[in-house]
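J.: pasting the sequence and the predicted model now:
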Amino acid sequence: MSVKNAVGRTDTQVSAFSQLRSEGLGLREALVGGMDRLIRPVTMTALAAMFGLLPAALSTRIGSQSQQPLAIVVVGGMIVTLIFANLVPAFYSFYGKRAPRTGQGGIGH
């Protein structure tokens, strides 16, 4: 589930990059503009979830057997989210060099 959310966020990033490209911005400007708008909320949400569940993920006391597996999964998913959030612009810069289609409304190319 956490990985599904990370992949869903990459779709949002690609759509934002494509929308800025269809508005006439160059590749670099679209990447900087899209990351400027999207990276702060994603990073802050992921870090808040990670730091909030880190004590439960590392706990070995009585009762942690029921909380620890879920906390580990959520922390791992947030790490994947942060990795994808930083890798998507790099991959888009390699594969997003073609011109976006006109009239798509920011859906992507």
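T.: Right, received. Where do you want to start?

J.: by mean pLDDT, flag the weakest helix or strand of this structure.
T.: The helix or strand of the chain with the poorest confidence is helix 2-22; it has a mean of 72 (mean pLDDT, DSSP states H and E).

J.: how far away is Val73 from Ala57?
T.: 9 Å (Cβ to Cβ, to the nearest Å). All C-beta atoms are positioned from the backbone trio N, CA, C, and that covers glycine.

J.: revised request: answer the last question for Met35.
T.: Computed with Cβ to Cβ, the distance linking Met35 and Ala57 is 29 Å.

J.: could you find the closest non-adjacent residue to the residue positioned nearest the centre of the chain?
T.: The centroid of the chain falls nearest to Ala85 when counting by Cα atoms, centre = their mean (3.5 Å). Ranked by Cβ to Cβ, 6 or more residues apart in numbering and with sequence neighbours excluded, the top spatial neighbour of Ala85 is Val42, at 5.0 Å.

J.: one more: Leu53?
T.: Using Cβ to Cβ, 6+ apart, the nearest residue to Leu53 is Ala71, at 4.3 Å.

J.: the one you found sits in which helix or strand?
T.: helix 64-95 (DSSP states H and E).

J.: could you say what helices and strands that helix packs with?
T.: In terms of contacts (3 or more Cβ pairs under 8 Å, 6 or more residues apart in numbering; DSSP states H and E), helix 64-95 is packed against helix 2-22, helix 27-58.

J.: neighbours around the closest residue to Met50 other than its chain neighbours, how many?
T.: In space, and not counting its chain neighbours, Met50 is closest to Met78: 4.6 Å by Cβ to Cβ, 6+ apart. Met78: 24 surrounding residues under other Cβ atoms under 10 Å.

J.: so Met78 touches Gly52, yeah?
T.: No - assessed by Cβ atoms under 8 Å, Met78 is found out of contact with Gly52, at 9.9 Å.

J.: and the helix holding Ala71, how far out from the chain middle?
T.: Its chain's average C-alpha position is 8 Å from that of helix 64-95, according to Cα atoms, centre = their mean, to the nearest Å.

J.: just the angle between it and helix 27-58, please?
T.: Helix 64-95 runs at 170 degrees relative to helix 27-58, counting by axes from the mean of the first three to the mean of the last three Cα atoms, to 10 degrees.
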